[in-house]
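In: Turn this into a structure:
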Amino acid sequence: MKLINITAPILLACAGLILSSCATPITQSEQPIHKFIKKMVDAHQFDKSGLDGLFESVAIKDEIIKKMTAPAEALPWYRYRKIFMTEARINDGVKFWHENAKTLADAQRRYGVPAEIIVAIIGVETRFGQHTGKHRVIDALYTLAFGYPPRSAFFLNELEDYLLLCRDEHINPLEITGSYAGAMGMPQFMPSSFRRYAADFDNDGRRDIWHNHADVIASIANYFVKHHWQTGQAIALPAQATGEKYKTALNGNLKPDLRLAELESLNLKISGPLALDTKVKILALEQQEGEELWVVLDNFYCLTRYNHSPLYAMAVYQLSQSVFNKMAFNKVLNQKGAFP
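Out: Down below sits the predicted model:
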């Protein structure tokens with residue numbers, strides 16, 4: 001259903017009345033899309049006729065709304081993990097690392113974000129560029145801004161940022177495709193993230209997160225630096241509990257707020273050493289039989305700034321470790337002459 005043919009007035013039912021009365025028609029200028037266009041003209045000096053013509057080519061897509069209401073993060077951990085922790089994806093990660101080894105090393109030195117984390121983000125988001133999304137970004141943002149009230153404010157802002165980045169980067173807004181939520185390129189940046197964090201790592205005058213691996217790698221690293229990545233800090237450690245006292249510390253807030261000393265009082269033990277002043281959070285992930293417990297740190301919280309789901313962050317962490325370990329294993333085999 002298109003919302004762009006807006007010449008006919010829309011009548012509002014009078015609130016609180018059972019029988020309809022003489023409601024005041026909404027003028028064209030008062031309709032949401034025209035309010036948005038007016039804002040873009042007044043605040044950012046866009047051409048009104050150009051935007052009118054642009055939005056005549058945009059439509060609300062019902063399939064986008066359906067996907068928005070059933071995200072993969074609603075799955076239990078044991079099912080969600082299987083999507084990303086596959087041998088094929090790990091092998092693709094090793095291949096991507098080999099092909100971009102110098103750029104990843106340069107980015108790690110400059111930003112302090114481990115290469116394996118950058119590789120894992122690209123692997124989880126788009127399978128190393130193989131699945132970047134088939135929806136036109138402008139359709140996705142338009143649909144969610146004007147056809148999905150629970151998130152309309154957020155997506156109105158993203159639509160604004162999208163038009164600004166298209167103007168700044170000299171991109172046709174009708175040509176870019178992405179996810180059902182409007183995320184773009186190999187790292188699946190939302191438009192606001194692109195404008196704030198995308199980097200031109202090879203200094204060619206463009207921030208290309210669609211095809212330029214150097215820009216993709218640096219943009220992800222820059223995103224995490226701006227969200228307070230702690231270089232050299234651990235991300236997560238497996239934990240074991242005696243009893244269920246630990247459940248009193250579980251809540252929806254992922255920001256680490258427990259001191260190590262408090263873990264002992266909750267009858268929790270972790271698998272590695274941490275500094276005594278380290279703050280942590282307890283994470284319980286659903287397995288088919290019981291819960292899998294982890295103690296997560298500030299860098300895990302930083303991963304959730306990319307996607308607020310703890311399942312997402314754990315998938316990134318575990319994929320990063322699997323790719324790193326396979327890289328190290330292959331290196332040992334090469335040193336022993338196992339490969340020709």
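In: Endpoint to endpoint, stretch 244-263 covers what distance?
Out: Distance between the two ends of stretch 244-263: 12 Å, counting by Cα to Cα, to the nearest Å.
In: nope, stretch 147-154 is what I was after
Out: End-to-end distance (Cα to Cα), stretch 147-154: 12 Å.
In: now swap in stretch 181-192 and tell me
Out: 13 Å.
In: what residues does that stretch touch?
Out: 68, 121-122, 125-126, 128-129, 132-133, 135, 137, 140-141, 144, 155, 157-159, 161-162, 164-165, 176, 178-179, 194, 197-198, 209-210, 213, 216, 219-220, 223 (Cβ atoms under 8 Å, 6 or more residues apart in numbering). From N, CA and C alone the C-beta is placed, and that goes for glycine too.
In: again with stretch 203-221
Out: Stretch 203-221 is contacted by residues 99-100, 103-104, 107-108, 110-111, 113, 118, 121-122, 132, 169, 176, 184-187, 189, 194, 197-202 when judged by Cβ under 8 Å, 6+ apart.
In: which parts of it are buried?
Out: Of all the residues in stretch 203-221, those buried under the rule 16 or more other Cβ atoms under 10 Å are 207-210, 212-221.
In: sorry, back to before: can you tell me which of the contacts of stretch 203-221 are buried?
Out: Neighbour-count burial (16+ other Cβ under 10 Å) is assigned, among the contacts of stretch 203-221, to 100, 103-104, 107-108, 111, 113, 118, 121-122, 132, 176, 184-187, 189, 194, 197-199, 201.
In: Now do the longest strand anywhere in the chain: distance to the chain's middle.
Out: Across the chain, the longest stretch assigned as strand under DSSP state E is strand 279-286. Computed by Cα atoms, centre = their mean, to the nearest Å, the separation of strand 279-286 from the middle of its chain amounts to 21 Å.
In: Mind checking what helix or strand follows that strand in sequence?
Out: The helix or strand immediately downstream of strand 279-286 is strand 291-296, counting by DSSP states H and E.
In: other SSEs contacting that next one?
Out: Counting contacts by 3 or more Cβ pairs under 8 Å, 6 or more residues apart in numbering; DSSP states H and E, strand 291-296 packs against strand 236-241, strand 268-270, strand 279-286, helix 310-335.
In: From the contact counts, what lies against the helix or strand just after it?
Out: Sequence order places helix 298-303 as the next helix or strand after strand 291-296, per DSSP H and E. In this structure, helix 298-303 packs against strand 279-286, helix 310-335, with contacts taken as 3+ Cβ pairs under 8 Å, 6+ apart.
In: Strand partners (parallel or antiparallel) of the first one?
Out: Right, strand 279-286. strand 258-259 (antiparallel), strand 291-296 (antiparallel) (DSSP bridges).
In: List the buried residues of the worst-scoring helix or strand of the chain on mean pLDDT.
Out: Every helix and strand in the chain was compared by mean pLDDT, DSSP states H and E; the lowest is helix 260-265, with a mean of 90. By 16+ other Cβ under 10 Å, the buried positions in helix 260-265 come out as 260, 263.
In: name the helices or strands packed onto that helix?
Out: For helix 260-265, the packing partners by 3+ Cβ pairs under 8 Å, 6+ apart are strand 279-286.
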